[in-house]
Every structure is written in structure tokens, then in C-alpha cells.
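Enquirer: Need the 3D shape of this:
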Amino acid sequence: MVTYIIRRLVTAVLILLGASFVVYQLTAAAGDPLQDLRQSNAPNKEQLIQQRVALLDLGTPPPLRYFKWLGGAAQCVVPFVGKCDLGLAINGEPVVDALGRAMGQTILLITAATVLAIVIGIALGILTALRQYSTLDYSVTFMAFLFFSLPIFWLAVLLKEFGAIGFNDFLRNPVFSPTSVIITAICMGIVVVLFMGGNFIQRGIGFVIGAAVTAGLMVALSVTGWFSHPGLGPILIVVFGLGVAYLATQLTAGVRNRKALYSSLIMVPVGLIAYYVLNPMFGNITGWGMLGLAVVTILVGCAVGWLMGGFDRGQSMRAAALSAFFVGGLVMLDRFMVEWPNYFNNGRIRGRPIATIGSSTPNLEGNWWIHNLDNFTHLLLPTIALLLVSLASYSRYSRASMLEIMQMDYIRTARAKGLSERTVVMRHAFRNALIPLATLVAFDIGGLIGGAVITERVFAFTGMGNLFVASLLPIPDPNPVMGVFLITGLLALVFNLVADLAYSVLDPRVRVKA
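Expert: The predicted structure is shown next:
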């Protein structure tokens, strides 16, 4: 395995060197970086031209200039060599600084969208595979390919119109009209029917219950003015926490494992105690403090699962840790809701919290909660846009992989042994179904780091994609282009190797021979 990794790394370096040389030459030949100055009427035009020639080293032929750039770039890749130097942009800014700022924006943008797309897409794919040719299967397939077929710029404009402008207008008087209540209730009833099994009568009952609960909830939100002063409170935290505990146990151990179920349920009152204990401390918390609380939460869950014991302590620990994490998330979500009125009434927000451009509100003052609410409102629409267009690939690949796996002999053997369907699906089928997805996920993550160009342009995110386009138009600027290419190329090669190594983790039968 070590020999294989070394051989792959050497091959990757050679590929990156050849590709970077070609890209540099193409960028250098794409246009004249002095075009704007040649057309200028400034009295010091010649002086400005000489300054730019010296800044970009235009007196050196492009092939030789590439090797100068490569010498500085090698300092970024090889550790302990020296200071990273990727040259200067056409405006005199170091490319390293521009890349650092752009990468931060891109990672902030794509992280949530990629994680949600992977989790939701794989979950939908497996669910539709288990209910092949059902109404749910056809509906998910139709919606996935519908969003996949929509141009991303048009989808982004629709989200701006209805998800930002329309919702901000609604927040002026957050009361649902009777028409919207009826339409939403009917739609939710249909969704419940799609996910249900059973005969016509059972589905009809599900439709009525889903529609009635949705209508009642919308009326309650309007009457109580929840959108103006949102919050979960201890009652809803307990209710949602019990649901989370049950679901976490079902996924990790199965509810028949009573020790694991009790371990998860114990985390609900623990979370309720934390709700009252931590709320007074939340006012001055920082990001590192929140990270520390998350680690402590998971450790407490593991400790509870270990103390509960059972025939498999590992299952109890996993179930309790997962429940603890999500119950802690509910407590954190409640605190964000408590801070919402302060953010909504901030003078920089002016009662229109859902943003359509940028990644943050300039000169916004407030605590950690206010600034993270601001990040959330700016990331909401681009995250939804990237999520919707990514669901189709993950859901279809996972569905096809799961259908193939469920026909295997060892699945029939597992069922013949009397194993529960949950055990057959989660332990035997799910892990093997992830093997073909490893390549897709790795390439998507590596590619998205290079920037979601159209989404960044529409939502005015100054990320990697926007930097790449701005460096090509209207005047070619080779150094920023090469910086983006270097980061994207390195990540693509690294994640390609990670995908290959993931095969041996997911399937022990896979062995790479040097």
C-alpha cells in the first residue's frame, strides 16, 4: 500500500507539472496585459506601462517566466522550504493573499451544500431503491432531474425573488393567509402520502393527518407571532430530542437493543439540564468555546453509552453520542432563535435579514451569535441552489448502487439467516453501496473547491471561481489564474487518491498490490 501511494504521488506531481506548464502558456497567450494602459490617455502612460512590465516580469518570455513562477510555487507545496510565493496580481496584491481570502469564501459556501447534498442525496437514493417503482421513487426521480435540468443562474434568480425578497416582505407582517395555509397543507399531505406505504385508506388517513397538522402549525405560528420572536423552549427540545434519540438508535443499533435506546433517551434530560445551565454562559461565548462544548457533548454521550453497557457497548456509545450531538444542536438552535430579534432589528439589517448578495453585512456589530446569524442568512440561498442541482447525481448513483447490491447472494443469505431488515440494509448493503459513490464524492469535493463560478457570480461571492473569471477578463492576469489552478489541481489529485484508499476501508476485500 505504501509503495502504491508513493507511486501515485509521483505520477500526480508529473501530471500537475505538465498541466500547469500548458495552462501558464495558454494564459500568457490569451491577451495583452498592457491593453488598458496602451489605450489610456494618462500623461504618465509610459511610466505606468514600465511599472506593470516590471511588476509582472513581462520582459521574460513566458516559458522562462513559468519556471520562475514554479520556483515560488514549490515553496508552497514542499513543507519547510520557505515562504510561499505565487507572484503578484495585476493590481500589485500578492496572489497568496487573494487566494487565502477567496478560498475562505468558497469553503464557507460549498461546505454546507456539499455535506447536505451527500447526506440527503444518498438517503433519498437508498430509500427509493428499497421502494423501487413506487410513487415515492417516481416522484423523487422527477424532482431530482427537474432541479438538475434547471440552469443554475435561473434557479438562483428564482431563489432571490421568492426566497429573499418575498420572504423579507412576509416578515413585515408574518401572518399566513388562508389561501397559503390551504395550499401548503395540501402539499404537505401529498408529501406524507408519498413516503407512506399501505392501502388507499391508510394513505388517506395519512394525508388528512399531515394536512391537518401542517394547517394547525401554520395558524399557531401566525397567531403567536413566532416569526418575530422564534424559539424552541424546553418543551419542544424534549419532544424533538425524543424523536432524535429514537432515530439515532434505529440507525446505529436498532430499537430492540434496549441498552442503546435507554442510552440515547438519557441524553434528552441531560440536554434539558444543559439548556438551563449553559444559557446564562452563552452571551460571551466564542467559536472555540462552542467547539469545546461540542467535543464535551460527544464525550458525555460516549460515557453514558459505556456505563449503560449491554451486549455491545460500542452500539450504545454510538447511539448516545449521536443523540447527544443532535440534542446539543437543538439547544444551540434555540439560542440562535433567541438572538433573532436582535439581528432582525439591527440598524444594518433594517428588517430584511435574508441577503441576496455577498457573504456578510459590512460593519455589522454584535456578539458571536449575531455574526453567525449573518453568515447563515447570506449562505442560505446559494447553499440551497447548489444543494438542489447536486441532489440528482447522488440520489441516482446511490439508488443504482443499492439496487445492484440488494440482488447479491450475500444479501439473500443474510435474510435467510433471519437477520432483521434494518441489519441487512444498514450493515450488509449500505456499506458496499457506498463504494461506487466514493469516487463521485471525492471528485465533487475537489472540483467544488475550485469554485462554483456561476453561483458565486450571481450571489456576488468573491470565491475561487469569481477570482478565476476576474483574472481572465477583461485583461489576462496569469499569476492568480495559476494560483487557482494549483489549488484546484492539487485537491483533485489528492481527493482522487483518497477515493482509491477509501475503497479498501469500505471493502476489506479490496487490496492494492504494488
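
Enquirer: If I look at Ser40, what pLDDT would I see?
Expert: pLDDT for Ser40: 74.

Enquirer: Could you verify my assumption that it touches Arg52?
Expert: No: with contacts defined as CB atoms under 8 Å, Ser40 does not count as touching Arg52, sitting 11.2 Å away. For every residue, glycine as well, the C-beta is placed using N, CA and C.

Enquirer: So for those two, which residue has more residues nearby?
Expert: Counted by other CB atoms under 10 Å, Ser40 and Arg52 do not tie: Arg52 has more neighbours, with 17 against 13.

Enquirer: and the strand or helix carrying the more buried one, what does it pack onto?
Expert: Per DSSP states H and E: Arg52 is located in helix 45-56. With contacts taken as 3 or more CB pairs under 8 Å, 6 or more residues apart in numbering; DSSP states H and E, helix 45-56 sits against helix 35-38.

Enquirer: quick one: contacts of stretch 453-467?
Expert: Contact with stretch 453-467 is made by 98-99, 101-103, 105-106, 109, 152-153, 156-157, 160, 356-359, 381-382, 385-386, 449-452, 468-469, 480, 484, 487-488, as judged by CB atoms under 8 Å, 6 or more residues apart in numbering.

Enquirer: go with 6 Å
Expert: 102, 105-106, 109, 152-153, 156, 357-359, 382, 385-386, 450-452, 480, 484 (CB atoms under 6 Å, 6 or more residues apart in numbering).

Enquirer: Those in helices, which ones?
Expert: Members of the contacts of stretch 453-467 lying in helices (criterion: DSSP state H): 102, 105-106, 109, 152-153, 156, 382, 385-386, 480, 484.

Enquirer: Double-check that Val175 belongs to a strand.
Expert: No: Val175: not assigned to a strand; according to DSSP: H, G, I helix; E, B strand; the rest coil it is coil.

Enquirer: And for it, the neighbour number?
Expert: 13.

Enquirer: quick one: low-confidence parts of the stretch 251-400 of the chain?
Expert: Scanning the stretch 251-400 of the chain for pLDDT under 70 picks out the ranges 310.

Enquirer: Quickly note the distance from the residue most central in space within the chain to Met290.
Expert: Nearest to the mean C-alpha position of the chain, by CA atoms, centre = their mean, lies Ala112 at 2.2 Å. As judged by CB to CB, to the nearest Å, Ala112 and Met290 stand 16 Å apart.

Enquirer: swap in Leu48?
Expert: Note on Leu48: its distance to Met290, by CB to CB, is 49 Å.

Enquirer: Now, of the contacts of stretch 453-467, which are buried?
Expert: In terms of neighbour count (16 or more other CB atoms under 10 Å), the buried residues within the contacts of stretch 453-467 are 102, 105-106, 109, 152, 156, 359, 382, 385-386, 450-452, 480, 484.

Enquirer: Checking Ala492 next. Helix, strand or coil?
Expert: Taking three-state DSSP, the label given to Ala492 is helix.

Enquirer: can you count the residues close to it?
Expert: The burial count for Ala492: 20, using other CB under 10 Å.

Enquirer: same check, this time on Val119
Expert: So Val119, with other CB under 10 Å, has 11 neighbours.

Enquirer: For it, give me its contacts.
Expert: Residues near Val119 by CB under 6 Å, 6+ apart: none.

Enquirer: so where does it fall, helix or strand?
Expert: helix 95-130.

Enquirer: returning to what we had before: of all the residues in the helix holding Arg52, which ones are buried?
Expert: 52, 55-56.

Enquirer: Kindly indicate which of those lies nearest Ile349.
Expert: Nearest to Ile349 among the buried residues of helix 45-56, counting by CB to CB, is Leu55 at 40.7 Å.

Enquirer: if I look at Gly483, how far off is Ser20?
Expert: If you go by CB to CB, the gap between Gly483 and Ser20 works out to 11 Å.

Enquirer: The two: which is more packed in?
Expert: Gly483 (28 against 18).

Enquirer: residues in contact with the more buried one?
Expert: Gly483 sits next to 86, 95, 99 when contact means CB under 6 Å, 6+ apart.

Enquirer: My guess is His481 contacts Leu473. True?
Expert: Residue 481: Val, not His. No: with contact defined as CB atoms under 6 Å, Val481 does not count as touching Leu473 (11.0 Å).

Enquirer: Name the residue in the two with the higher neighbour count.
Expert: Between Val481 and Leu473, counted using other CB under 10 Å, the more crowded position is Val481 (24 against 10).

Enquirer: What strand or helix carries Val304?
Expert: helix 287-308.

Enquirer: Quick check: buried residues in the helix or strand following that helix?
Expert: Per DSSP H and E, the first helix or strand lying C-terminal to helix 287-308 is helix 313-344. Buried residues in helix 313-344, counted by 16+ other CB under 10 Å: 313, 315-328, 330-332, 334-340, 343-344.

Enquirer: quick one: pLDDT of Asp477?
Expert: Reported pLDDT for Asp477: 81.

Enquirer: quick one: it and Ala470 touch, right?
Expert: No: with contact taken as CB under 6 Å, Asp477 and Ala470 are classed as non-touching, separated by 8.2 Å.

Enquirer: C-alpha coordinates for stretch 234-254, PDB please?
Expert: Output in PDB follows, covering the C-alpha atoms of stretch 234-254 (Å, rounded to 0.1, in the frame of the first residue of the first chain):
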ATOM      1  CA  PRO A 234     -37.700  23.300  26.800                       C
ATOM      2  CA  ILE A 235     -40.900  21.500  25.700                       C
ATOM      3  CA  LEU A 236     -40.000  21.400  22.000                       C
ATOM      4  CA  ILE A 237     -36.400  20.500  22.800                       C
ATOM      5  CA  VAL A 238     -37.700  17.500  24.800                       C
ATOM      6  CA  VAL A 239     -40.200  16.500  22.000                       C
ATOM      7  CA  PHE A 240     -37.600  16.800  19.200                       C
ATOM      8  CA  GLY A 241     -34.900  15.200  21.400                       C
ATOM      9  CA  LEU A 242     -37.000  12.100  22.000                       C
ATOM     10  CA  GLY A 243     -37.500  11.800  18.200                       C
ATOM     11  CA  VAL A 244     -33.800  12.200  17.600                       C
ATOM     12  CA  ALA A 245     -32.900   9.600  20.300                       C
ATOM     13  CA  TYR A 246     -35.300   7.100  18.700                       C
ATOM     14  CA  LEU A 247     -34.000   7.700  15.200                       C
ATOM     15  CA  ALA A 248     -30.300   7.600  16.200                       C
ATOM     16  CA  THR A 249     -30.900   4.300  18.000                       C
ATOM     17  CA  GLN A 250     -32.700   2.900  15.000                       C
ATOM     18  CA  LEU A 251     -29.900   3.800  12.600                       C
ATOM     19  CA  THR A 252     -27.000   2.700  14.800                       C
ATOM     20  CA  ALA A 253     -28.200  -0.300  16.800                       C
ATOM     21  CA  GLY A 254     -31.900  -0.900  16.300                       C
END
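
Enquirer: Which residues does that stretch contact?
Expert: With contact meaning CB under 6 Å, 6+ apart, stretch 234-254 is reached by 255, 260-261, 264-265, 268, 271-272, 315, 318-319, 322-323, 326-327, 330, 422.

Enquirer: now with 8 Å?
Expert: 232, 255, 257, 260-261, 264-265, 267-268, 271-272, 275-276, 312, 315-316, 318-319, 322-323, 326-327, 330-331, 334, 420, 422-423, 426.

Enquirer: Got the domain ranges for the chain?
Expert: Per automatic domain parsing, the structural domains of the chain span 2-100+462-506, 231-351.

Enquirer: and among those domains, the most buried is which?
Expert: Sort the domains of the chain by mean neighbour count, taking mean count of other CB atoms under 10 Å, and domain 231-351 sits at the top with a mean of 18.
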